[in-house]
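> Here is a sequence with its predicted model. Questions after.
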Amino acid sequence: MRQIVTLDVIPLHTWLPYANIVAPASVSNQPSKGDKLILPLPVYKKADTLAESLAEAISKRYPPVIANNPEQVVSQKRIAEILDNAFAAAGQFRRENRLGLLGRAKLASAFKGRLRELGYDEEFVGMASGRLAKALSGIP
């Protein structure tokens, strides 16, 4: 099964010659409104599953009810410990699977979405996804 991704941020005619891609005769090298490049990509089901399991692991040890309650203060050290324990699996996943840039982006996006679904505020989602990116990059 393949997933279709459309890239419409950069017009097709601007980078097509640099990518050493020979365009079919029906594709013009001239700019036109709404140019899109369709890339078939493998489905990153493992990444989606990992993102969901990471979010679930975090929610068990640091539920959104506590995270979003200003009266129940949890130390930054404790939060970092919870995230580091959860992201140990992400480091192992990175060593076993070559995700590449798009795979890491998909994993981070799925992780953010799951945290939002669970009810975490944007500040925590941003902080947690930043730590996940660091874990996936292999930076100590």
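On my side now, so go ahead.
> got a pLDDT number for residue 97?
Residue 97 is assigned a predicted lDDT (pLDDT) of 78.
> what's it in contact with, if anything?
Residue 97 makes contact with 46, 103, according to CB atoms under 8 Å, 6 or more residues apart in numbering. In this view, the C-beta of every residue, glycine as well, is placed from N, C-alpha and C.
> what do you get if the cut-off is 7 Å, keeping everything else the same?
residue 46 (CB atoms under 7 Å, 6 or more residues apart in numbering).
> May I have the phi/psi pair for it?
As for residue 97, its main-chain torsions (degrees, to the nearest 10) stand at phi -130, psi 140.
> Over to residue 119?
Dihedral angles (degrees, to the nearest 10) for residue 119: phi 110, psi 10.
> That one reaches residue 66, doesn't it?
No. Residue 119 lies out of contact with residue 66 (CB atoms under 7 Å); the separation is 11.0 Å.
> got any ranges where this structure has weak pLDDT?
1-44, 140 (pLDDT under 70).
> Could you list the domains of it?
As assigned by automatic domain parsing, the chain contains the domains 2-42, 45-137.
> Return the set of buried residues in the top helix by length along the chain.
Determined from DSSP state H, the single longest helix within the chain is helix 76-96. Across helix 76-96, burial judged by 16 or more other CB atoms under 10 Å covers 79, 82-83, 86-87, 90, 93-94.
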